[in-house]
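A.B. asks: quick one: sequence plus predicted model below, questions after.
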Amino acid sequence: MKIGSQAQRSSSISASNADRVIVRGHDLTSELIGQISLTDHFWLLLTGSLPSPPQRRMLDATLVAIAEHGLVPSVVASRMTLAAAPDALQGAVAAGLLGCGSVVLGSAEAAGQLFAQIAARTPQADKEPDAFQAAIATSIQELRAEGRPIPGYGHPLHKAQDPRAQRLMAIAREVGVAGRHIDIAEHIGRALPALIGRPLSINVSGAIAAVLLDAGYPLMALKGVPILARAASLIAHLLEEQQRPIGFVLAHAAAAAIDYDGPAPAGFEASDE
């Protein structure tokens, strides 16, 4: 059963024969292996072109910024999965990635969609500043009306400012890629106190969206950056789990933290163990 159009029956990413492997038109062994970085290769796979030095630096910076988050739920899920199935490293990584979403993994994709929406609504923002501000207000009001958070803004720990976001924006300016999306992101930050009654600073997910879009990274692949980065961190946590296991400690701590309040026979008391 077909779902949607199936007229396109080809792929432009890779091909091979008995002697050669071609990736995006490049010979894998003579042009890529040992010649480019994983960051270069990721950009090449996505876009079909090798990144410029500024694009490489920006993508590298975002991957480093978002990789490690400590014992967040995705990491706990991954460690507990390995504790229960020590032979399934791939399953534990998958468990961690499946536990990543708009709250834990970050809202880079949603923030990028917000910035792109505002950019599309105001193609001549520099000539129509009032229309630009109105587009920002409309987009924020739409999110609020739907009961959705403002993606890319606010952080439970970094309330005044997210130092990772500030560093990424500084690098974007340093390498000369700062443009329309960073401008939109900063205008949103300045407009939020009046629009929602309190300030919210841009967080690392919002900064990742803004700097990568300005660098020419594809909007539809924004979620891939935190996924790729987090996979690296999960593997580090799983190596540590094998060397210094805490998976069952985490499971016990979760059980100890939660009380049972359901029905029970007379005289029954749940164990603390």
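C.D. replies: Ah, there it is. As the structure is a prediction and not an experimental result, all values here were calculated from the model.
A.B. asks: where is the longest helix in this structure?
C.D. replies: Longest helix in the chain by number of residues (criterion: DSSP state H): helix 224-243.
A.B. asks: pull out the buried positions in that one.
C.D. replies: Buried positions in helix 224-243, judged by neighbour count with 16 or more other C-beta atoms under 10 Å: 224-230, 233-234, 237-238, 241. For glycine as for every other residue, the C-beta is placed from the backbone atoms N, C-alpha and C.
A.B. asks: where does the chain dip in pLDDT?
C.D. replies: 1-2, 106, 125-127, 273 (pLDDT under 70).
A.B. asks: care to break it down by domain?
C.D. replies: In the assignment given by automatic domain parsing, the structural domains of the chain cover 20-51, 56-105+232-256, 108-221.
A.B. asks: now tabulate these in JSON lines and tack on distance to Pro265.
C.D. replies: Listed next are the domains of the chain as JSON lines, based on distance: least, C-beta to C-beta, whole Å:
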{"stretch": "domain 20-51", "distance to Pro265": "58"}
{"stretch": "domain 56-105+232-256", "distance to Pro265": "21"}
{"stretch": "domain 108-221", "distance to Pro265": "41"}
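A.B. asks: which elements pack onto the longest helix of the chain?
C.D. replies: In terms of contacts (3 or more C-beta pairs under 8 Å, 6 or more residues apart in numbering; DSSP states H and E), helix 224-243 is packed against helix 53-66, helix 73-84, helix 89-98, helix 204-214.
A.B. asks: let's go with 6 Å and repeat that
C.D. replies: Taking 3 or more C-beta pairs under 6 Å, 6 or more residues apart in numbering; DSSP states H and E as the contact definition, the neighbouring helices and strands of helix 224-243 are helix 53-66, helix 73-84, helix 89-98.
A.B. asks: kindly format the C-alpha coordinates of the last one as PDB.
C.D. replies: Provided in PDB are the C-alpha atoms of helix 89-98 (Å, rounded to 0.1, in the frame of the first residue of the first chain):
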ATOM      1  CA  LEU A  89      24.400  -1.500  24.000                       C
ATOM      2  CA  GLN A  90      22.500  -0.600  20.900                       C
ATOM      3  CA  GLY A  91      19.200  -1.100  22.700                       C
ATOM      4  CA  ALA A  92      20.400   1.100  25.600                       C
ATOM      5  CA  VAL A  93      21.400   3.900  23.200                       C
ATOM      6  CA  ALA A  94      18.000   3.500  21.400                       C
ATOM      7  CA  ALA A  95      16.200   3.700  24.800                       C
ATOM      8  CA  GLY A  96      18.000   7.000  25.500                       C
ATOM      9  CA  LEU A  97      17.200   8.400  22.100                       C
ATOM     10  CA  LEU A  98      13.600   7.400  22.300                       C
END
